[in-house]
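Q: here you go, sequence then predicted model.
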Amino acid sequence: MLSDDNFLPDRGPETPNEWGVIVIISLTFAVLMGLELATDFSVAKLSVPFFLISWVILLVIHEFGHALAAKFLGWHVDLVSIGTGKVRFRRRIFGMPVEFRTIPISGFAQPRPADLISPQLKQATIYAAGPGIELLIVAGIAAIVGPSELLELSGEMSIVALQSFCVAAIFGAGFNLIPFPHQTKDGVAWSDGLGMIMSWRIPTSVFAERLSK
């Protein structure tokens, strides 16, 4: 997801009650998943934990897809945020400020125009880069492993891991490409799909205001 001064990501849990709910739900899920894996274990059952691990990895890839596309197009990247909740640590990666938060389920990149050359096209491209890089990785895995191998039931752990990764990537990219707005405490945020559409409706004067900041 992208973010600027007008379209901001939602906050993470902040109060003790909110954190309590998150912890209880997470522990319950972990216990139930452990019991399921321990009962009549099979490699196929590892698809659920592999999916969850893949989701976190893809979250990082997705947000860096936005950020690196912005850098490639000559724009500034003010921040890449991974996760929600309290900031745990900050780093500069590829010259960009990156923060890692407590719960790695969502994130955002915050690009800023560096010029007014086709800003609508550039912003739409940056929006597309997040889900685009996920789908590109799936295509690369399919080309290397073979589509039939990815679609067949397998008892090999490596194949199950790759299948789970591809499912997570397709699900995440597909969801992000659905054009919808969602309300946050700071305003309205766009999905990548809606951002790709709405970018063409933003006047160049708006980009000029962001350029001068």
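A: Received, thanks. Numbering: from 1, shown residues only.
Q: wouldn't residue 109 be in contact with residue 61 here?
A: No - Residue 109 lies out of contact with residue 61 (Cβ atoms under 8 Å); the separation is 11.8 Å. In this view, the C-beta of every residue, glycine as well, is placed from N, C-alpha and C.
Q: helices or strands up against the helix or strand containing residue 59?
A: Element membership for residue 59, per DSSP states H and E: helix 47-72. Secondary-structure packing of helix 47-72 (3 or more Cβ pairs under 8 Å, 6 or more residues apart in numbering; DSSP states H and E): helix 16-38, strand 76-93, strand 96-112, helix 119-145, helix 157-177.
Q: ok and that helix relative to strand 96-112, angle-wise?
A: 70 degrees (axes from the mean of the first three to the mean of the last three Cα atoms, to 10 degrees).
Q: hmm, back to that, comparing residue 109 and residue 61, which shows the higher neighbour count?
A: More crowded of residue 109 and residue 61, by other Cβ atoms under 10 Å: residue 109, with 29 against 17.
Q: how much space between that one and residue 192?
A: Separation of residue 109 from residue 192 (Cβ to Cβ, to the nearest Å): 11 Å.
Q: ok, now residue 114?
A: Distance from residue 114 to residue 192, by Cβ to Cβ: 21 Å.
Q: so where is the chain shaky, pLDDT-wise?
A: In the predicted model, the chain carries pLDDT under 70 at residues 1-42, 183-187, 213.
Q: just give me the neighbour total for residue 204.
A: When neighbours are counted by other Cβ under 10 Å, residue 204 comes out with 12.
Q: typo on my end, it should be residue 69
A: Residue 69: 22 neighbours (other Cβ under 10 Å).
Q: skipping adjacent residues, who's closest to it in space?
A: Leaving aside its sequence neighbours, residue 69 sits nearest to residue 129 (Cβ to Cβ, 6 or more residues apart in numbering; 3.5 Å).
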